[in-house]
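A.B. asks: Here is my input; please provide its structure:
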Amino acid sequence: MRADARRNRERIIEAARKVFAEYGSDAQMDDVAAAAGVGVGTVYRHFPNKDALIGELVRQKFEKIADGLRAASAMDLDPGEALLVALERNAEQLEDDLATQHVMSGGPHPAIWQMCAANVTEVNELATKLIAGGIASGTLRPDMVVTDIRLLMGGITSTMADPATRPMWRRHLQLMLDALRAPRAV
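C.D. replies: Numbering: from 1, shown residues only. Presented below is the predicted three-dimensional model:
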């Protein structure tokens with residue numbers, strides 16, 4: 001890719017991140033082009049449709065989630081507690097990202113999920129290691145599996161994306177984190 005094309009792509013992605021974070025999937029490619037200071041044809045040369053552009057943003061978000069899990073693994077914490085810290089930080093990264101909230105909270109987005117498949121696999125592998133360590137140490141509930149995280153994070157992002165429940169997303173997150181902890185002996 002030529003240097004100017006690479007710069008345009010980066011400007012488009014940065015503009016798209018802002019536009020889609022604010023307007024979600026209702027934003028249009030014209031909005032992204034205007035925010036990036038390029039023509040809409042330039043946006044379409046890099047991303048053939050809106051799903052491809054949102055897919056790239058979500059793929060990059062999963063890269064950050066993987067980075068967060070790696071950073072949590074490196075902390076001097078029990079693996080289960082490290083996972084809970086990472087989940088909280090990752091939820092905070094999603095707070096102002098309406099497009100990713102819409103994708104993660106469900107709905108038919110097969111093209112987007114296909115673009116992110118390798119990143120999701122990496123996140124699942126990192127989380128699985130932390131889950132196994134947390135179960136072994138007694139920090140996490142013994143029946144926890146990695147798919148629980150996707151289900152629970154989908155619920156959190158649904159709460160974030162709905163204006164009526166948005167103010168309660170942190171409470172929803174705390175309830176979720178508490179539910180993942182191993183029950184205490186009475």
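A.B. asks: for the helix-or-strand element of the chain with minimal mean pLDDT, packing partners?
C.D. replies: When the helices and strands of the chain are scored by mean pLDDT, DSSP states H and E, helix 98-104 comes last with a mean of 85. Packing contacts for helix 98-104, counted by 3 or more Cβ pairs under 8 Å, 6 or more residues apart in numbering; DSSP states H and E, involve helix 3-23, helix 50-74, helix 79-94, helix 146-161. Any C-beta I mention is one placed from the backbone N, CA and C, and that applies to glycine too.
A.B. asks: Can you add mean neighbour count, mean pLDDT and distance to residue 110 and give these back as TSV?
C.D. replies: Below are the helices and strands packed on helix 98-104 laid out as TSV (neighbours: other Cβ atoms under 10 Å; pLDDT from 0 to 100; distance: least, Cβ to Cβ, whole Å):
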stretch	mean neighbour count	mean pLDDT	distance to residue 110
helix 3-23	17	91	18
helix 50-74	19	93	9
helix 79-94	20	94	21
helix 146-161	18	92	15
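A.B. asks: export these to a markdown table and tack on distance to residue 173?
C.D. replies: Shown next, in a markdown table, are those (distance: least, Cβ to Cβ, whole Å):
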| stretch | distance to residue 173 |
| --- | --- |
| helix 3-23 | 19 |
| helix 50-74 | 14 |
| helix 79-94 | 5 |
| helix 146-161 | 6 |
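A.B. asks: For residue 123, find the nearest of those.
C.D. replies: Closest of the helices and strands packed on helix 98-104 to residue 123 is helix 50-74, at 5.2 Å (criterion: Cβ to Cβ).
A.B. asks: Residue 184: what secondary structure?
C.D. replies: Under the three-state scheme (DSSP: H, G, I helix; E, B strand; the rest coil), residue 184 adopts coil.
A.B. asks: Tell me how the chain divides into domains.
C.D. replies: 1-48, 50-180 (automatic domain parsing).
A.B. asks: which residues touch residue 105?
C.D. replies: Residue 105 makes contact with 154-155, 157-158, 160-161 under the criterion Cβ atoms under 8 Å, 6 or more residues apart in numbering.
A.B. asks: An error on my part: the question was meant for residue 84.
C.D. replies: 177, 180-181.
A.B. asks: give me the number of residues near residue 141?
C.D. replies: Using other Cβ atoms under 10 Å, residue 141 has 16 other residues around it.
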